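Chemist: Quick check, what structure comes out for this input:
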Amino acid sequence: MLEPGTDFDDNNSDPPLSAQDDIIESDIELDNADVVEPDNDPPQKMGNPSAEVTEEQRYSHSLPRMEHLLINSFQYCFPPALLFVLPSVSFGNLNFLFSASIFMKLKKPNAAIRDADTALKINPDSAKGYKIRGMSRAMLGLREEAASDLHVASKLDFDEEISIALKKVEPNANKIEEHRRKCERLRKRKEQKRSPIKTETPIKKESKKLKPRFKKHYLL
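Modeler: Numbering: from 1, shown residues only. Got it, this is the predicted structure:
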C-alpha cells in the first residue's frame, strides 16, 4: 500500500500493480485549511415555510439586512439569537436561507446544509441556497459536491464570493476526480491480471465432418 501523501502523478503514469492493493483518498495531497469538524446540533425551531412573501417583507427581511441586525444586536451570541429570531421569521424560504447563512458563518456546516436543503426544496432556483450549501460542503471536505453546488449558484446569480470559493474548491475536486479515474484503471488492470487466460479447445476435425448419409435399400 502506498504511504499517505505519496504522489504518483509523475509523468502522468499509474503506479505499479504491486503497490496498489489499497488506494484511498488520503493518498491525495489536499488543501484542508478551511475544513472544520462536523457539527451535530439539533434543528432550530423555524417559522412557517409555506407563508407568502410580499415585496416589502422581502426587502425588510433580506439576508444581508437580517444578518447585520442580528450580528449587531446580539454581539455574535448566535445560538440564543437564533432561538429568539427564527420562530418569528415566517417568510417562505427566507428564514431557512437566513439561518443557513448564519450557521455557515458560525462554522456549523451540517446545520447550514440542512436549512439550505429545505430552502432549495421551497425554491429550487435559489442561488443563495446553492451558494450556502456549496460553501458549507467545502467546510466538511466534500469538494466535488461543493464544486457542483457552486457552479449551479454561479449560473443562477454569479458573485465574487462564489468565484473565490470555486477557486479554493476546484483544484481539490479535480485531484479527487483524477485519482478516481486512476484507481478505476488500476482495478481493471488487476482484474485482467488475476482472471485466468481462457484458451479455446481445438475443435476435432471429426466433429466438423458431416455424418455420411446412408441410402436405405428395400428388398423387393
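Chemist: alpha carbons only for contacts and neighbour counts from here, please
Modeler: Noted.
Chemist: What average pLDDT does stretch 160-169 get?
Modeler: Per-residue pLDDT values across stretch 160-169 average out to 94.
Chemist: For that stretch, buried residues please.
Modeler: Using 16 or more other Cα atoms under 10 Å as the test for burial, stretch 160-169 gives Ile162, Ala165, Leu166, Val169.
Chemist: so where does the third one fall, helix or strand?
Modeler: Leu166 is part of helix 160-194, with elements assigned from DSSP states H and E.
Chemist: And for Ala116?
Modeler: helix 109-122.
Chemist: Export the buried residues of stretch 160-169 to CSV and append columns for distance to Glu37.
Modeler: Formatted as CSV, those follow (distance: Cα to Cα, whole Å):
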residue, distance to Glu37
Ile162, 22
Ala165, 19
Leu166, 21
Val169, 17
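Chemist: Just the closest of the residues you listed to Met104, please.
Modeler: Using Cα to Cα, Ala165 is the member of the buried residues of stretch 160-169 that lies nearest Met104, at 13.3 Å.
Chemist: measure the closest one to Ile132 for me?
Modeler: 11 Å (Cα to Cα, to the nearest Å).
Chemist: Would you map the helices across the protein?
Modeler: With DSSP state H as the criterion, the chain has helices at 55-60, 63-74, 78-85, 94-105, 109-122, 127-139, 143-157, 160-194, 205-208.
Chemist: Deepest in the core, which of those helices is it.
Modeler: helix 127-139 (a mean of 27; mean count of other Cα atoms under 10 Å).
Chemist: For Val35, find the nearest of the helices of the chain.
Modeler: helix 127-139 (4.4 Å).
Chemist: How about residues contacting the closest one?
Modeler: Contacting residues not belonging to helix 127-139 are listed as 34-36, 97, 100-101, 104, 107-110, 112-113, 116-117, 119-120, 143, 145-150, 152-154, 156-157, 162, 165, 169 [Cα atoms under 8 Å, 6 or more residues apart in numbering].
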